[in-house]
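Undergrad: Return a 3D structure for these sequence lines:
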Amino acid sequence: MPPCLRGEKLLFLCAMPPTLDRELRRALAARIRYYNEIGIYDFYRRPMSDRGAEVAAVISDEDEINISERTFDPGEEMSPRKATAVAVPREVEENVFNVIALKPEQTVSDPVKALKIIREDLGDCKRCVLHKQGRKQIVFGVGNPKAELMFVGEGPGADEDEKGEPFVGRAGQLLNNMIKAMGIERSDVYIANIVKCRPPGNRTPEREECDTCSPFLMRQIAVVKPKVIVALGATAAKTLLAMSSSMMQLRGRFYDFKPTGVRSNDPNWNECKLAVTYHPAFLLRDPRQKGEAWKDLQMVMKELGMSGPAKSTQ
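TA: Numbering: from 1, shown residues only. Predicted structure coming up:
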């Protein structure tokens, strides 16, 4: 049987259900990118179990999908010409991504060492165009590797690119104040971004850049194992949730979230809660929304059982 992959082209010859839910679509795309990055391009189909005969699908060249250019839209249903419609036993469909290969950081129990492994794997990243558009350094992440609360922003700005640490500019100072208002310190939380290189002119990261970089963020989340993630701004929220709703629609509730394409090495941690609020940079531009952001953080505080800052006795 011909290989399923040639270069970056994916030919869907593998048995798949006619439609995939959002998590499966994202996991599939992440898995293929991962194998391409480590130099594996050719895949061969395994025989079906005795519960069903193997079905071979022949798809023409024009139906090949370039993974670097095509991502699955959350609201899109895959047509029969994009995916092979075959009869797959339910247990195979439900567990198809439970056999995701272990990442190297999952072999260690110390989260500090695990995060270091991810950073070393990231290397001097040149996986997307941002590496040649003026970045000074990669901004990986900072904070408590065992934090219950994690903040995820959009991408580094000029100050972050200079220092190599997320949220150290004016927006970072405001985030620090927001964290203190919750009764904790910056060192108590973990902070990262969707993309780890500064987009030129601080523009919004493009979809391909987010899709290329976010698998490393997912691995960071799986290591830190937070109880709650706060997505700062629309780009972070839409990337993590694979949704295209407005901030007004996304805010004010919790989402069940699990990092895509990776599993934690802790059997007691499978997912966490995710809340959405405004990016501190937006709040600097429109201070009227600070009250709304505080409502979001109060919701997070309640979920984590936080009482807020101690009242002064003076």
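Undergrad: Can you get me the start-to-end distance on stretch 166-185?
TA: Stretch 166-185 has an end-to-end distance of 15 Å (criterion: CA to CA, to the nearest Å).
Undergrad: buried residues in that stretch?
TA: Neighbour-count burial for stretch 166-185, counted by 16 or more other CB atoms under 10 Å, picks out 166-169, 171-172, 174-176, 178-179, 182, 184. Bear in mind the C-beta positions are built from the backbone N, C-alpha and C, glycine included.
Undergrad: contacts for that stretch?
TA: Stretch 166-185 has contacts (CB atoms under 8 Å, 6 or more residues apart in numbering) with 139, 141-142, 149, 151, 153, 156-160, 186, 188-189, 191-193, 232, 279-281, 283-284, 293-294, 297, 300-301, 306-310.
Undergrad: Restrict those to the buried ones and give me that as a PyMOL selection.
TA: Buried members of the contacts of stretch 166-185, defined by 16+ other CB under 10 Å, are picked up in PyMOL with:
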select buried, resi 139+141+142+149+151+153+156+157+159+160+186+189+191+192+193+232+279+280+281+283+293+294+297+300+301+306
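Undergrad: Show me where the stretch 51-200 of the chain has its strands.
TA: 65-66, 142-143, 149-153, 190-193 (DSSP state E, counting those that start in this stretch).
Undergrad: Could you single out the nearest of the buried residues of stretch 166-185 to residue 222?
TA: Top of the list for closeness to residue 222, among those and by CB to CB, is residue 166 at 18.4 Å.
Undergrad: Identify the nearest residue to that closest one in space, disregarding sequence-adjacent positions?
TA: With CB to CB, 6 or more residues apart in numbering as the criterion, residue 166 has its nearest non-adjacent residue at 5.0 Å, and that residue is residue 191.
Undergrad: least trustworthy helix or strand in the chain by mean pLDDT?
TA: strand 65-66 (a mean of 38; mean pLDDT, DSSP states H and E).
Undergrad: Show me the shaky parts of the stretch 151-300 of the chain.
TA: Scanning the stretch 151-300 of the chain for pLDDT under 70 picks out no residues.
Undergrad: okay, now residue 268: neighbour count?
TA: By the criterion of other CB atoms under 10 Å, residue 268 has 6 neighbours.
Undergrad: host element of it?
TA: Residue 268 belongs to no helix or strand when assigned by DSSP states H and E.
Undergrad: Next, the contact list for the nearest residue to residue 279 once chain neighbours are set aside, please.
TA: In this structure, residue 279 finds its nearest non-sequential neighbour in residue 233, 3.1 Å apart by CB to CB, 6+ apart. Counting by CB under 8 Å, 6+ apart, residue 233 makes contact with 153, 154, 247, 278, 279, 281, 282.
Undergrad: tell me the contacts of the second one?
TA: It refers to residue 154. Residue 154 touches 193, 194, 195, 204, 205, 232, 233, 235, 236, 279, counting by CB under 8 Å, 6+ apart.
Undergrad: need the buried residues of stretch 166-185 in JSON lines with distance to residue 210, can you?
TA: Shown next, in JSON lines, are the buried residues of stretch 166-185 (distance: CB to CB, whole Å):
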{"residue": "166", "distance to residue 210": "15"}
{"residue": "167", "distance to residue 210": "18"}
{"residue": "168", "distance to residue 210": "22"}
{"residue": "169", "distance to residue 210": "21"}
{"residue": "171", "distance to residue 210": "19"}
{"residue": "172", "distance to residue 210": "21"}
{"residue": "174", "distance to residue 210": "23"}
{"residue": "175", "distance to residue 210": "20"}
{"residue": "176", "distance to residue 210": "25"}
{"residue": "178", "distance to residue 210": "24"}
{"residue": "179", "distance to residue 210": "25"}
{"residue": "182", "distance to residue 210": "27"}
{"residue": "184", "distance to residue 210": "28"}
